[in-house]
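Chemist: Could you work out the structure for the sequence below:
(7 chains)
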Amino acid sequence: MTDTKAAAEQELSFEQALARLETIVKAMESGDLALEQAISEFQEGMQLARICREKLDQAEQKIEMLVSEAGALTKKPFQAEES
Amino acid sequence: MTDTKAAAEQELSFEQALARLETIVKAMESGDLALEQAISEFQEGMQLARICREKLDQAEQKIEMLVSEAGALTKKPFQAEES
Amino acid sequence: MTDTKAAAEQELSFEQALARLETIVKAMESGDLALEQAISEFQEGMQLARICREKLDQAEQKIEMLVSEAGALTKKPFQAEES
Amino acid sequence: MTDTKAAAEQELSFEQALARLETIVKAMESGDLALEQAISEFQEGMQLARICREKLDQAEQKIEMLVSEAGALTKKPFQAEES
Amino acid sequence: MTDTKAAAEQELSFEQALARLETIVKAMESGDLALEQAISEFQEGMQLARICREKLDQAEQKIEMLVSEAGALTKKPFQAEES
Amino acid sequence: MTDTKAAAEQELSFEQALARLETIVKAMESGDLALEQAISEFQEGMQLARICREKLDQAEQKIEMLVSEAGALTKKPFQAEES
Amino acid sequence: MLTEQSKTWSVSDLTARIKQLFEEDDRLVDCWVRGEISNFTHHSKGHMYFTLKDAQSRVKSVMFAGNNRYLKFIPKEGMKIVAHGYVSVFERDGAYQFYVDDMQPDGLGSLFLAFQQLKDKLEQEGLFHPQYKKPIPKYPRVIGVITSPTGAAVRDIITTIRRRYPVADILLHPVIVQGPNAAPSVAEAIETMNELGAADVLIVGRGGGSLEELWAFNEEVVVRAIHASMIPVISAVGHETDTTLADYVADMRAPTPTAAAELAVPNLFELRRHLEQLHARLVNALQGQVRDAQKALTRLETSPVFTRPTHQVRQWQQTVDNLEDRLLLALTKAAGQRERQLAALETRLIRTSPVERAKRMDQTLQYMVERLEKAAQDQLQRDNNRYERLLDKLDVLSPLAVMRRGYSLAYADGKKRMVKRLNDVQLGDMVNIRLEDGWLDCAVWGIEEDKHND
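Modeler: Residues are numbered from 1 along each chain as shown, chains lettered A, B, ... in the order given. Predicted structure coming up:
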């Protein structure tokens, strides 16, 4: 995998990375890849899995509420009410 | 086998080398080859088997390396959430 | 057998020599040959057998050489995989 | 028998001489020949038998020679392969 | 007996001479011949007998010679092949 | 007997001479002949007998002579048989 | 003018013409009618026969089983309803009838009618067409929620998303969900979210309620706002039995807010598991491929071609040995055969040797010679005997026998002429006297004539 490619993958969304990983897994499972290509795909797949995992780990949930104040919209954290 | 031929075979993918090797094995098993050709095929077969073996060894090493690199990830057990 | 004929037979491939030898044997076994011709054919047949054997010996040596060159390959016993 | 005739018979093949000998024997066995002719035929028959005998002896010698030349080969016992 | 006749008789084969002799003997045994003719026939008969004798002697000598020549031939026993 | 007659009788064969003698004997036995003629006949008879004798003697000589000519076969001399 | 107008109709033609008139009228083909059910009969075949009436009028009606099986209520005698259907003629009776295909109880009558009419209109505009349904993103980063900030719905949505998919951000747009301001509030919020463009998916809805409470989500402004939204919208209004127009137009309909949240985000637990599976499959796939390759290679390496490389050569050697043996045998056989032939002929030749023949000839010749000699002897003997016999006879007959008695004979002229008479001779003649034992040569000395003769 080239650095450029790696860099490009770093920019992928979780969804794109997962989709790409899925594509790679399917391609590999199809058994149609040549060994060399399979290794290369495997390498990329491992990289993508790592990315996906990192993204999942990093995930933090943010809940924001849109509030219109004085005609402008602002975001303010949502406070769930007890009810 | 000429050096050129040997060089060419070095450039073969694993699958190509294996396919060529299989063709040779079948041809030799059929017993239809002329003696001179049988020897030449045998020689090429030995060469191809060596190439395949090397490529496979390389592949195994690579997998091992990649898997062990990714080891930390797989070793981290998944924390199932209570739901 | 004239020298020219002998020379020509030296140039035969193993298969050609074997085929010629077989033809001679069949002709002789048919019992239709005149004695003088039978002797002449016998002489040629013995010559062909010698050529065949020489070629086979050479082939065997070559194979042995190739095998010993590739020794590591064949000495490595086949590891049956559990599957 | 004239010298010319003797010379001609020397040129006969074994089979021709044998065939001629058989003709003579049959003629003699028929008992129809005059004494002089019978003697003459007998003489020719003896001559033909001698020629045949010589040719056979030559053949035997030739076989012996060729076989002893190829001796090493035939003495080498066939090594049956385990298969 | 004229010389011409004697010469002609010399040309007879053994069998012809013997046949002629028999004719003469029978004629003489019939007793129908005149003395002079009987003498003449006797004379011719004796001549024929002499011719026959000579031919027989020659024949016997020749046969003896041929048989002794062929002695080696018949003494050599045939070597039957094992088959 | 005239010389002419004697000469003519000399030319007679044994059988002719013997037949003539027989004729004479018969004529004489008839007894019809005059003495003179009888004597004459007798004389001729004697003459004929002489001729016959001579021819017989000659025949014997001839046979003997021939016998002595023909080697081993004919060593045994001609013996008129006593009967 | 007796034209077609004056033509006399058959009843059937007339009825058919009337039926045609009903069916040509668009308002009669698709109409809503309010009335009260009377004379209700639910036929055993499932069809419903009844009369719709009001204070002034009544109309015969029928609702076939195929339509009435979807009714959410059971029609009863005296029930006020709003029915939808078409008007046509029952030709057998020549009576017009109202053919009902849907009906609602009339309590909600006007609202429901409004709902139905708006639904039909929007449907005709194609707003509900599947081609407008946008796919819901599988892994949204921001989920827009448009609902009341208070109440169970928002809590259910947030809880569910947090539990399942903490990766996503939630952007809440609080709105009024019931009452007269509800519809514009919701519509505005949808537009705002679109303007903002932050959300990947919108959840629009509220908890369950009566038709009136849910009414905002049946209003045209909301439906059009959802339809216009560039962001995929999941509707989550009320409970399963209630279907609002918002549900029809939304890209996805969820029966409850919780369900909407579940539809909006993936399950992270499952996602992780999916990721681990992908990882495992990736490793397995390659290991499998390598293993297969190993197997394939090993199979080829362990083929007899490599494990017994000289096998073929040995076979060939055997072939050559065999051919050589056959060659030798063939020649030996050929030579042996010829030797036997020759020996047989030699034996026969010797057997036909002329030696015996010569011996037989010798015997024959000897026999012939013996016979010849014997014949010659016999001839001589025979002739001698004949001669002797004649000679003896001649002897006996000899006229000279008289001479033994003393007679003699005289011959003249040199014994040529017998002297019988005196005058046969003359004095001095030479005469020969034949005696018994010989001759006398005499001369005639005297001649004496015999006197007493005659």
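
Chemist: So which bits of the stretch 1-150 of chain G are right by chain E?
Modeler: Among all residues of the stretch 1-150 of chain G, none is adjacent to chain E (criterion: Cβ under 8 Å from any Cβ of the partner chain). In short, each C-beta sits where N, CA and C put it, glycine included.

Chemist: Where do the strands of the stretch 251-400 of chain G begin and end?
Modeler: Secondary structure of the stretch 251-400 of chain G by DSSP state E, counting those that start in this stretch: the strands cover G:252-254.

Chemist: Could you find the closest non-adjacent residue to the residue of it at minimum distance from chain E?
Modeler: Of all residues in the stretch 251-400 of chain G, the one sitting closest to chain E is G:Ala375 (3.5 Å; Cβ to the nearest Cβ). Of all residues not flanking G:Ala375 in the chain, E:Met28 sits nearest, at 3.5 Å (Cβ to Cβ, 6 or more residues apart in numbering or on different chains).

Chemist: Now name the helix or strand holding that neighbour.
Modeler: Taking DSSP states H and E as the criterion, E:Met28 maps to helix E:14-30.

Chemist: where along chain A do the helices fall?
Modeler: Per DSSP state H, chain A carries helices over the ranges A:3-10, A:14-30, A:35-58.

Chemist: Looking at those, which is nearest to E:Cys52?
Modeler: helix A:35-58 (109.3 Å; Cβ to Cβ).

Chemist: Just the CA atoms of that closest one, as CSV, please.
Modeler: Only the C-alpha atoms of helix A:35-58 are listed here, as CSV (Å, rounded to 0.1, in the frame of the first residue of the first chain):
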residue,chain,number,x,y,z
LEU,A,35,-2.0,-14.7,-4.5
GLU,A,36,0.0,-11.5,-4.8
GLN,A,37,-3.1,-9.4,-5.3
ALA,A,38,-4.8,-11.2,-2.4
ILE,A,39,-1.9,-10.3,-0.1
SER,A,40,-2.0,-6.7,-1.3
GLU,A,41,-5.8,-6.6,-0.7
PHE,A,42,-5.3,-8.3,2.6
GLN,A,43,-2.9,-5.7,3.6
GLU,A,44,-5.3,-3.0,2.7
GLY,A,45,-8.1,-4.8,4.4
MET,A,46,-6.2,-5.0,7.6
GLN,A,47,-5.5,-1.3,7.4
LEU,A,48,-9.2,-0.6,6.8
ALA,A,49,-10.2,-2.8,9.7
ARG,A,50,-7.8,-0.8,11.8
ILE,A,51,-9.3,2.5,10.7
CYS,A,52,-12.8,1.3,11.3
ARG,A,53,-11.9,0.1,14.7
GLU,A,54,-10.2,3.4,15.6
LYS,A,55,-13.2,5.3,14.4
LEU,A,56,-15.5,3.3,16.5
ASP,A,57,-13.2,3.7,19.5
GLN,A,58,-12.9,7.4,19.0
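
Chemist: For that helix, list every residue counted as buried.
Modeler: For helix A:35-58, burial by neighbour count (16 or more other Cβ atoms under 10 Å in any protein chain shown) applies to A:35, A:38-39, A:41-53, A:55-56.

Chemist: cool, and stretch G:24-39?
Modeler: G:Leu28, G:Trp32, G:Val33, G:Gly35, G:Glu36, G:Ile37.

Chemist: cool, stretch G:266-278 as well?
Modeler: Residues of stretch G:266-278 classed as buried by neighbour count (16+ other Cβ under 10 Å): G:Pro266, G:Asn267, G:Leu268, G:Phe269, G:Leu271, G:Arg272, G:His274, G:Leu275, G:Leu278.

Chemist: Just the pLDDT at the third one, thanks.
Modeler: Right, G:Leu268. The score at G:Leu268 is 77. That number is its pLDDT.

Chemist: do you know how far it is from G:His274?
Modeler: Separation of G:Leu268 from G:His274 (Cβ to Cβ, to the nearest Å) stands at 10 Å.

Chemist: where along chain G do the helices fall?
Modeler: Counting by DSSP H, the helices of chain G are G:11-24, G:26-29, G:65-68, G:109-125, G:152-164, G:182-196, G:220-228, G:245-249, G:257-264, G:268-301, G:304-307, G:311-351, G:354-397.

Chemist: now for the helices of chain A, which one comes closest to D:Gln16?
Modeler: D:Gln16 lies closest to helix A:35-58 among the helices of chain A, at 74.0 Å (Cβ to Cβ).

Chemist: right, is the closest one up against chain G?
Modeler: Yes: judged by Cβ under 8 Å from any Cβ, helix A:35-58 comes into contact with chain G at A:Leu35, A:Ala38, A:Ile39, A:Phe42, A:Gly45, A:Met46, A:Ala49, A:Cys52, A:Arg53, A:Lys55, A:Leu56.

Chemist: so, in contact with chain B or not, that helix?
Modeler: Yes: on the criterion Cβ under 8 Å from any Cβ, helix A:35-58 is in touch with chain B at A:Leu35, A:Glu36, A:Ile39, A:Phe42, A:Gln43, A:Met46, A:Ala49, A:Arg50, A:Arg53.

Chemist: How many residues are close by G:Glu373?
Modeler: Residues lying near G:Glu373 (other Cβ atoms under 10 Å in any protein chain shown) number 23.

Chemist: what stretches of the chain score poorly on pLDDT?
Modeler: Picking chain A for this. Chain A contains residues with pLDDT under 70 at A:1-10, A:59-63, A:66-75, A:77-83.

Chemist: The intended chain is chain G.
Modeler: Short version for chain G, where the test is pLDDT under 70: G:1-6, G:72, G:107-111, G:113, G:239-242, G:452-454.

Chemist: Pick out the residue of it closest to chain C.
Modeler: With Cβ to the nearest Cβ, the shortest gap between chain G and chain C falls at G:Ala330, namely 3.7 Å.
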